[in-house]
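*Asks:* Quick check, what structure comes out for this input:
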Amino acid sequence: MFQSLTDRLSSALKSITGQAKLTEDNIKDTVREVRMALLEADVALPVVKAFTEQVKQRAIGTEVLKSLNPGQVFLKIVHDELQAVMGDANEKLNLAAQPPAVILMAGLQGAGKTTSVGKLAKYLIEREKKRVMVVSADVYRPAAIKQLETLADAVGAIFFPSSIDQKPLDIAHAAIDAAKKASADVLLVDTAGRLAIDDEMMAEIKALHAGINPIETLFVVDAMTGQDAANTARAFNEALPLTGVILTKADGDARGGAALSVRHITGKPIKFMGMGEKVDALEPFHPDRVASRILDMGDILTLIEEAERTIDKSKADQLAKKIQKGKGFDLEDFLDQIQQMKKMGGLTSMLDKLPGMGNLGAMAKQTTAAEGQFKQMEAVIHSMTRDERRFPDKINGSRKKRIAAGSGTQIQDVNRVLKQHKTMQKMMKKVSGKGGMQKMMRAMGGAGGMGGMGGPGGMPPMR
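*Replies:* Numbers count the residues shown, from 1 in each chain. Sure thing, here's the model as predicted:
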């Protein structure tokens, strides 16, 4: 996420963070580099000007010049100002309304609006424990209604049917009545995507907004359109009383221009950002955490929250007890560890949240290869019988041939999985004993990771 911006800012700040003394001259040079980094990241010019001026004013003040470690204080100033540009803190959805709380979704066509409705429904159901109904008021794209129905089924939301021969306002009113009867806490209303800011379509969504008076009106925008995203958001904000923004495709945005421009230009908070195609790939937008990620300082809090939310604690405890009793670490346990890591967004997502790992650089190819190997390992293990997973030593030549054929791999791939499992098994034995973690780290260094795999070392029981 925002990798090119991270690279440029890291390079610009490297020369100054180690300085024992800061002067107006070296501060000016660094601020100039920061300005260029932001402009290349497609951050809107008014935002760049305001940001760099604020950094410069704070940097040449007594706050930095009298500090014991001025370079680090300068870095903190940049972090604080990045956070201020994006908002002071995460702003949650306002659901304080007589049920159903109506949320209207607006945006250009292709921004990922309908997908965001599905993701937001899942978020509200799983994390806020709400009963959610969704409805499509997009009468111009028949596939949109079917798409939303499919998403609703996938995330466990109530789907209210609509058709292209109805009027959007009639659809919304009928959905509100149905949501009341179904005791839904929240109703998400998807609207037609606008190809551009045309008067007729804007008049329609204005009438829809006035007719249903939603408690939240969220603008869905593609992060990869850079400062154009902020300008489009401003145009919508002039037509509708927006309450917030959902930034989609943030995982594929190397620049970060939209994230740094939307709040400043519209005055509206970014409430969520989409971090992938899966229905659970929606994160609350925390300006302080995003600022840390941009400066390659990691985002440990989000990583911990994801671990707490996705990792099955009972399974982790069972595995720990099993290993302590000397029952071994079988291939079913190995598969479970891989799947739990996938639930946390995979290896790339985890590395992106670790300090000093935002600039993956040369590691990117290795990380991608490792992700591919994890998929292959899953396929190989799924091709085994339950007995083979529990007792890998039973897997002889003929079984390997069958497993390879069933998983679409080669016999050497099956052998590699068995070897990697053996390596993990040895590590788990070391973890279960006294001084286990230190022994495991030594073993990982000596084993060259997972059987020489170009990726992570090993995966201890996830707790």
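
*Asks:* Which helix runs longest in the chain?
*Replies:* Among the segments of the chain that qualify as a helix by DSSP state H, the longest is helix 411-432.

*Asks:* for that one, packing partners?
*Replies:* Using 3 or more C-beta pairs under 8 Å, 6 or more residues apart in numbering; DSSP states H and E as the contact test, the elements touching helix 411-432 are helix 313-324, helix 331-343, helix 363-382, helix 397-407, helix 436-447. All C-beta atoms are positioned from the backbone trio N, CA, C, and that covers glycine.

*Asks:* Please repeat the previous calculation with a cut-off of 6 Å.
*Replies:* Using 3 or more C-beta pairs under 6 Å, 6 or more residues apart in numbering; DSSP states H and E as the contact criterion, the elements in contact with helix 411-432 are helix 313-324, helix 363-382, helix 397-407, helix 436-447.

*Asks:* And for Val414, the neighbour number?
*Replies:* By other C-beta atoms under 10 Å, 25 other residues sit near Val414.

*Asks:* Could you do the one 10 residues further on as well?
*Replies:* By the measure other C-beta under 10 Å, the count of residues near Met424 is 22.

*Asks:* I'd like the distance from it to Leu335, if you could.
*Replies:* As for Met424, its distance to Leu335 is 11 Å (criterion: C-beta to C-beta, to the nearest Å).

*Asks:* do the same with Lys375
*Replies:* Distance of Lys375 to Leu335, given as C-beta to C-beta: 12 Å.

*Asks:* Show me which of the two is the more surrounded one.
*Replies:* Neighbours were tallied for Lys375 and for Leu335 using other C-beta under 10 Å; the higher tally belongs to Leu335 (19 against 12).

*Asks:* The more buried one touches Val380, doesn't it?
*Replies:* No: assessed by C-beta atoms under 6 Å, Leu335 is found out of contact with Val380, at 9.6 Å.

*Asks:* May I see the buried residues of the helix or strand His79 falls within?
*Replies:* Here His79 is covered by helix 70-86, with elements defined by DSSP states H and E. For helix 70-86, a neighbour-count test (16 or more other C-beta atoms under 10 Å) marks 70-71, 73-79, 81-86 as buried.

*Asks:* For Arg8, state which of those residues is nearest.
*Replies:* Set against Arg8, the nearest of these by C-beta to C-beta is Val78 (12.4 Å).

*Asks:* Mind jotting down where the strands sit in the chain?
*Replies:* Counting by DSSP state E, the chain has these strands, from start to end: 101-107, 132-136, 158-160, 186-190, 216-222, 244-248, 270-274, 282-284.

*Asks:* In JSON lines: the ones you listed, plus distance to Lys400, mean neighbour count and mean pLDDT.
*Replies:* Compiled in JSON lines, those are given as follows (distance: least, C-beta to C-beta, whole Å; neighbours: other C-beta atoms under 10 Å; pLDDT from 0 to 100):
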{"stretch": "strand 101-107", "distance to Lys400": "51", "mean neighbour count": "25", "mean pLDDT": "93"}
{"stretch": "strand 132-136", "distance to Lys400": "47", "mean neighbour count": "27", "mean pLDDT": "96"}
{"stretch": "strand 158-160", "distance to Lys400": "46", "mean neighbour count": "20", "mean pLDDT": "96"}
{"stretch": "strand 186-190", "distance to Lys400": "50", "mean neighbour count": "27", "mean pLDDT": "96"}
{"stretch": "strand 216-222", "distance to Lys400": "47", "mean neighbour count": "25", "mean pLDDT": "91"}
{"stretch": "strand 244-248", "distance to Lys400": "44", "mean neighbour count": "27", "mean pLDDT": "91"}
{"stretch": "strand 270-274", "distance to Lys400": "41", "mean neighbour count": "24", "mean pLDDT": "91"}
{"stretch": "strand 282-284", "distance to Lys400": "41", "mean neighbour count": "21", "mean pLDDT": "89"}
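
*Asks:* could those be laid out in JSON lines, adding distance to Glu388?
*Replies:* Putting these into JSON lines (distance: least, C-beta to C-beta, whole Å) gives the following:
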{"stretch": "strand 101-107", "distance to Glu388": "48"}
{"stretch": "strand 132-136", "distance to Glu388": "42"}
{"stretch": "strand 158-160", "distance to Glu388": "41"}
{"stretch": "strand 186-190", "distance to Glu388": "45"}
{"stretch": "strand 216-222", "distance to Glu388": "46"}
{"stretch": "strand 244-248", "distance to Glu388": "42"}
{"stretch": "strand 270-274", "distance to Glu388": "39"}
{"stretch": "strand 282-284", "distance to Glu388": "38"}
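
*Asks:* Tell me where the model's unsure across the stretch 51-200 of the chain.
*Replies:* Low-confidence regions of the stretch 51-200 of the chain, defined by pLDDT under 70, span residues 61-71, 194-197.

*Asks:* which stretches of it form helices?
*Replies:* When secondary structure is read from DSSP state H, counting those that start in this stretch, the stretch 51-200 of the chain shows helices at 62-65, 70-86, 113-126, 142-155, 168-181, 199-212.

*Asks:* Just the CA trace of the longest helix of the chain, in PDB.
*Replies:* Once non-C-alpha atoms are left out, helix 411-432 reads as follows in PDB (Å, rounded to 0.1, in the frame of the first residue of the first chain):
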ATOM      1  CA  ILE A 411       5.900 -35.900  -7.100                       C
ATOM      2  CA  GLN A 412       8.800 -33.500  -6.200                       C
ATOM      3  CA  ASP A 413       6.300 -31.000  -5.000                       C
ATOM      4  CA  VAL A 414       4.700 -33.600  -2.700                       C
ATOM      5  CA  ASN A 415       8.200 -34.400  -1.400                       C
ATOM      6  CA  ARG A 416       8.800 -30.700  -0.800                       C
ATOM      7  CA  VAL A 417       5.600 -30.400   1.300                       C
ATOM      8  CA  LEU A 418       6.600 -33.400   3.400                       C
ATOM      9  CA  LYS A 419      10.100 -32.000   3.900                       C
ATOM     10  CA  GLN A 420       8.700 -28.600   5.000                       C
ATOM     11  CA  HIS A 421       6.300 -30.400   7.300                       C
ATOM     12  CA  LYS A 422       9.200 -32.300   8.900                       C
ATOM     13  CA  THR A 423      11.100 -29.000   9.400                       C
ATOM     14  CA  MET A 424       8.000 -27.500  11.100                       C
ATOM     15  CA  GLN A 425       7.500 -30.600  13.200                       C
ATOM     16  CA  LYS A 426      11.100 -30.300  14.600                       C
ATOM     17  CA  MET A 427      10.500 -26.600  15.400                       C
ATOM     18  CA  MET A 428       7.300 -27.400  17.200                       C
ATOM     19  CA  LYS A 429       9.100 -29.900  19.400                       C
ATOM     20  CA  LYS A 430      11.600 -27.200  20.300                       C
ATOM     21  CA  VAL A 431       8.900 -24.700  21.100                       C
ATOM     22  CA  SER A 432       7.100 -27.100  23.500                       C
END
